[in-house]
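Engineer: Just a sequence and a predicted model for now, questions to come.
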Amino acid sequence: MKVSKLAANLIGSEIVKIGNEVNDLKAKGAEIANLTIGDLNSNLYPIPAELKEEIQKAYQNNLTNYPPANGLLSLRTEVSKDLKSRWNLDYSANDILITAGSRPLIYAVYKTIVDEGDKVIYPTPSWNNNHYAYLTSADAIEVKTTPENNFLPTAAELKPHLDGAVLLALCSPLNPTGTMFTEAQLREICEMILEENSKRGADEKPLYLMYDQIYSNLTFGAKHVDPVSLFPEMREFTIYIEGISKCLAATGVRVGWGFGPSNIIDKMKALLTHVGAWAPKPEQEATAKYFQNADNVNTFINDFKGKLEASLKVLHNGIQDLKGKGLAVESIEPMGALYLTIKLDYIGKTKPDGTVIENSSDLVFYLINEAGVALVPFSAFGEAKSEPWFRASVGGLDISEIEVMMPKLENALNNLK
């Protein structure tokens, strides 16, 4: 049966494919250390108790009709206050758009700015930009990054592609790597954007920056930096993506927000009225109530990120121990988010059954079956399948599970020749 060209050429999620394999094996009784999905085991990491109570109250009070298209004023007001107190960013409630998590916001940014054939720039690896570029028929410019720069793009790497581009998509802390821009790195990029926009005429689209900082509250030691705090002039070109999905362990609660130039936010709001992508009204009401007590929010975030950091350190140290034993592995010290970047340099090796590990996907499924360890290859984030780099997400495991899996991983890798 015929479908649209867009639907016919959609690329399925490699993460979902791996997740399905893991779920099938677990249903058969296999013990799998699932490091694939950027989600959280809600039994290990429940949402704040006060937030849960407020959600229940909102349902009991029958707040189950449509919310306003741009979100409850009470929530937008609390977000505005939080942005000011946390990042010293001045955005009014009218400059903020509430949606069901961050995905509708990212989609709306692309659809609001990008026309068919417009140039969009994003680094690889990065989460889902290739799919959003496809959905908007953009001319996607993928800038390959290096481990030496923590897989973050430099101004020098981006600059050759800026001419005529309308959107640059960046994320920090970065999914999938758990690394962060330093102030110096982001400053150079912002200076470059401002210089580029100074060249453009009134009849040209500016180069906008979509800055995804959904993990901004989950940072370990290093300071999170953002464009407008560095350069107030970036305000008219920067659209931020944020929300509670990660920082409050609330991936299924689905409350996200974007903020930026009024003309862009207004168009995003208009677009999403046709999609119905608003967060449920009870969850919005509850989030607004919860954010009224900043101390509670900060206490939860600090405790939560401390637990994530501890798990990431155990995993990082475990990989470094394997490296010390002579295995062809590496990991980049985690800076933020839920993720550890791991190198497993075993592509081209032979499995015990005599077949060859031809690419990163082959290695993923070998490790699932032989070690009970599930990782996501960077090919799921725009890299080639020949790249030996992988994302490990610790949100679904406790520390003891990570410790138990390390000898299994070591044994499976040692069995490759």
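Structural biologist: Good, I have the coordinates. Numbering: from 1, shown residues only.

Engineer: quick one: average confidence on stretch 409-417?
Structural biologist: Here stretch 409-417 scores 98 as its mean pLDDT.

Engineer: what does it rub up against?
Structural biologist: 322, 325, 327-329, 344, 346, 349-352, 357, 366-367, 370-371, 373 (C-beta atoms under 8 Å, 6 or more residues apart in numbering). (Glycine included, C-beta is placed from N, CA and C.)

Engineer: give me that answer again for 7 Å
Structural biologist: With contacts defined as C-beta atoms under 7 Å, 6 or more residues apart in numbering, stretch 409-417 is touched by L322, L327, Y346, K349, T350, K351, P352, I357, L367, E370, A371, V373.

Engineer: In strands, which of these fall?
Structural biologist: Taking DSSP state E, the ones among the contacts of stretch 409-417 that sit in strands are V373.

Engineer: Among the contacts of stretch 409-417, which ones are in helices?
Structural biologist: L322, L367, E370, A371 (DSSP state H).

Engineer: Farthest pair within the residues you listed?
Structural biologist: With distances taken as C-beta to C-beta, the most widely separated pair in the ones in helices among the contacts of stretch 409-417 is L322 and E370, at 15.4 Å.

Engineer: the more surrounded of these two?
Structural biologist: Shown here are L322 and E370; by other C-beta atoms under 10 Å, L322 has more neighbours (22 against 17).

Engineer: where exactly do the strands run in this protein?
Structural biologist: For the chain, the strands defined by DSSP E cover 33-34, 96-99, 119-124, 139-144, 165-171, 208-212, 238-243, 256-259, 329-332, 339-344, 373-374, 376-377, 389-393.

Engineer: JSON lines for those, including mean pLDDT?
Structural biologist: Output for the strands of the chain, formatted as JSON lines (pLDDT from 0 to 100):
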{"stretch": "strand 33-34", "mean pLDDT": "94"}
{"stretch": "strand 96-99", "mean pLDDT": "98"}
{"stretch": "strand 119-124", "mean pLDDT": "98"}
{"stretch": "strand 139-144", "mean pLDDT": "98"}
{"stretch": "strand 165-171", "mean pLDDT": "98"}
{"stretch": "strand 208-212", "mean pLDDT": "99"}
{"stretch": "strand 238-243", "mean pLDDT": "98"}
{"stretch": "strand 256-259", "mean pLDDT": "98"}
{"stretch": "strand 329-332", "mean pLDDT": "98"}
{"stretch": "strand 339-344", "mean pLDDT": "98"}
{"stretch": "strand 373-374", "mean pLDDT": "96"}
{"stretch": "strand 376-377", "mean pLDDT": "96"}
{"stretch": "strand 389-393", "mean pLDDT": "98"}
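
Engineer: how close does I189 get to G326?
Structural biologist: Distance of I189 to G326, given as C-beta to C-beta, to the nearest Å: 39 Å.

Engineer: repeat for K57
Structural biologist: K57 sits 57 Å away from G326, going by C-beta to C-beta.

Engineer: Of the two, which one has the most company?
Structural biologist: A side-by-side neighbour count of K57 and G326, using other C-beta under 10 Å, places K57 first with 14 against 8.

Engineer: Number of residues surrounding the closest residue in space to Y339 that isn't next to it in sequence?
Structural biologist: Using C-beta to C-beta, 6 or more residues apart in numbering and skipping the chain neighbours, the partner closest in space to Y339 is G178 (3.7 Å). By other C-beta under 10 Å, the residues close to G178 number 31.

Engineer: Surely G178 and I342 touch.
Structural biologist: No - here G178 lies out of contact with I342, judged by C-beta atoms under 7 Å, at a distance of 10.4 Å.

Engineer: my guess is C190 contacts M234, does it?
Structural biologist: Yes - counting by C-beta under 7 Å, C190 touches M234, with 5.4 Å between them.

Engineer: Common neighbours of the two, please.
Structural biologist: With contacts taken as C-beta under 7 Å, 6+ apart, C190 and M234 have P227 as neighbours in common.

Engineer: Give me the pLDDT for the residue nearest to A58 when sequence neighbours are not counted.
Structural biologist: Leaving aside its chain neighbours, A58 sits nearest to P282 (3.5 Å; criterion: C-beta to C-beta, 6+ apart). On the pLDDT scale, P282 is placed at 98.

Engineer: wait, what's in contact with P282?
Structural biologist: The neighbourhood of P282, defined by C-beta under 7 Å, 6+ apart, consists of I55, A58, Y59, L63, T64.

Engineer: do E14 as well
Structural biologist: S379, A380.

Engineer: From L413, how far out is it?
Structural biologist: 21 Å.

Engineer: what's the angle from the lowest-mean-pLDDT helix or strand in the chain to strand 389-393?
Structural biologist: Using mean pLDDT, DSSP states H and E, the weakest-scoring helix or strand in the chain turns out to be helix 14-27, at a mean of 85. Per axes from the mean of the first three to the mean of the last three C-alpha atoms, to 10 degrees, the angle that helix 14-27 makes with strand 389-393 is 60 degrees.

Engineer: Now helix 14-27: buried residues?
Structural biologist: E14, I15, I18, G19, E21, V22, L25 (16 or more other C-beta atoms under 10 Å).

Engineer: Would you map the helices across this structure?
Structural biologist: Assigned by DSSP H, the chain shows helices spanning 5-8, 14-27, 49-60, 73-87, 103-113, 129-135, 155-158, 183-198, 227-230, 262-273, 281-291, 294-324, 360-371, 399-414.

Engineer: Mind checking those helices for the one nearest to A165?
Structural biologist: So among the helices of the chain, helix 183-198 is nearest, using C-beta to C-beta, at 8.0 Å.

Engineer: what's the spacing between that closest one and its chain's center?
Structural biologist: Taking the mean of its C-alpha atoms, helix 183-198 sits 22 Å from the chain's own mean (C-alpha atoms, centre = their mean, to the nearest Å).

Engineer: got it, and stretch 378-391?
Structural biologist: 16 Å.

Engineer: Check which residues of it are buried.
Structural biologist: Neighbour counts using 16+ other C-beta under 10 Å place F378, S379, A380, F381, G382, E383, K385, E387, P388, W389, F390, R391 of stretch 378-391 among the buried residues.
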